[in-house]
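S.K.: Give me a model of this one.
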Amino acid sequence: MKLLINIKQNFVFHACLAASVSCVGLVLALTPVSEASAQNKTEYYKSVASSCQKTLQSNGRSALWLDIEAAAATDAGNTSSDTFYKRETEHCESNLRGEKPLWEQIRFNAISTLPIPNQDYYEKRLAEHCESLLNNTKRPDWWRLVRKAALNDAGGKINSPYYYKRAGEHCAYVLRERKRPEDWHLIDKSARLDAFNQ
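M.R.: The predicted structure is shown next:
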């Protein structure tokens with residue numbers, strides 16, 4: 001099964017193999033959290049705005065943060081509404097358009113502090129990203145081990161929530177045992193972002 005990429009959400013996931021070391025990159029753009037509840041949206045935007053503020057201030061860019069905050073307040077007409085936090089997030093992304101790695105890190109730092117909105121979907125995406133990464137980095141034998149163990153645990157029921165849960169857990173184990181924590185981090189990061197973009 002190939003990695004499922006939602007082009008509408010501007011996800012690009014690519015893998016490469018260089019000097020027998022895999023490197024996986026993500027190019028992400030902000031996608032509204034359209035399916036989340038109003039409370040989850042507010043928490044999401046508050047978290048991204050806070051992450052943006054901390055990151056910019058710690059990088060000596062307090063003036064930029066103040067400009068972002070002022071623009072969001074002007075747009076929203078206040079500094080405490082849901083619209084205000086949403087506009088802070090949008091202005092942060094807009095101002096960092098030429099600095100994608102920084103924006104990606106701000107966004108990931110924000111969502112890593114929030115509960116995953118749809119655990120089943122997150123676990124499904126873990127399995128799919130694991131399969132894609134292992135197959136694209138010429139490690140299909142590792143994926144076969146993961147898949148076989150997960151299928152066994154799930155009583156042969158592929159595509160069941162329990163299969164995906166166990167595939168993610170076996171994937172984490174295999175990558176940890178083979179000293180590939182950076183691969184697991186990228187798989188987890190991709191799945192979390194997918195869960196927030198669903």
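
S.K.: ok, now which ones touch the residue of the chain most remote from its centre?
M.R.: The C-alpha centroid of the chain is most remote from G77, which lies 31.0 Å away (CA atoms, centre = their mean). Contact analysis of G77 by CB atoms under 8 Å, 6 or more residues apart in numbering lists T83. No exception for glycine: its C-beta is placed from N, CA and C like everyone else's.

S.K.: Can you give me the neighbour number for the nearest residue to Y163 once chain neighbours are set aside?
M.R.: Counting by CB to CB, 6 or more residues apart in numbering, the nearest residue to Y163 once its immediate chain neighbours are dropped is A154, at 3.8 Å. Counted with other CB atoms under 10 Å, the neighbours of A154 add up to 18.

S.K.: which ones are touching A154?
M.R.: A154 sits in contact with 160, 162-163, 166, where contact means CB under 8 Å, 6+ apart.

S.K.: still on that earlier bit, phi, psi of the residue farthest from the centre of the chain?
M.R.: phi 80, psi 0 (degrees, to the nearest 10).

S.K.: again, but for the one 4 residues further on
M.R.: Main-chain torsions, S81, degrees, to the nearest 10: phi -90, psi 170.

S.K.: Just the element for the nearest residue to S51 once chain neighbours are set aside, please.
M.R.: Leaving aside its sequence neighbours, S51 sits nearest to A110 (CB to CB, 6+ apart; 4.0 Å). A110 belongs to helix 100-111 when assigned by DSSP states H and E.

S.K.: Off-centre distance for that helix?
M.R.: Computed by CA atoms, centre = their mean, to the nearest Å, the separation of helix 100-111 from the middle of its chain amounts to 9 Å.

S.K.: how about low-confidence regions in this structure?
M.R.: By pLDDT under 70, the low-scoring segments of the chain are 1-39.

S.K.: helix/strand/coil for G156?
M.R.: Of the three states, G156 takes coil according to DSSP: H, G, I helix; E, B strand; the rest coil.

S.K.: Compute the number of surrounding residues for it.
M.R.: 9.

S.K.: now the longest helix anywhere in the chain and helix 100-111, what's the angle there?
M.R.: Longest helix of the chain, by residue count under DSSP state H: helix 38-58. Interaxial angle, helix 38-58 versus helix 100-111 (axes from the mean of the first three to the mean of the last three CA atoms, to 10 degrees): 130 degrees.

S.K.: who does the next helix or strand after helix 38-58 touch, helix- and strand-wise?
M.R.: Counting by DSSP H and E, the element after helix 38-58 in chain order, helix or strand, is helix 62-76. Applying 3 or more CB pairs under 8 Å, 6 or more residues apart in numbering; DSSP states H and E, one finds that helix 62-76 makes contact with helix 38-58, helix 82-95.

S.K.: now what about the shortest one, what contacts it?
M.R.: Right, the one you point to is helix 82-95. So helix 82-95 is contacted by 29-30, 38, 41-42, 45-46, 48-49, 52, 56, 64, 67-69, 71-73, 75-78, 103, 106 (CB under 8 Å, 6+ apart).
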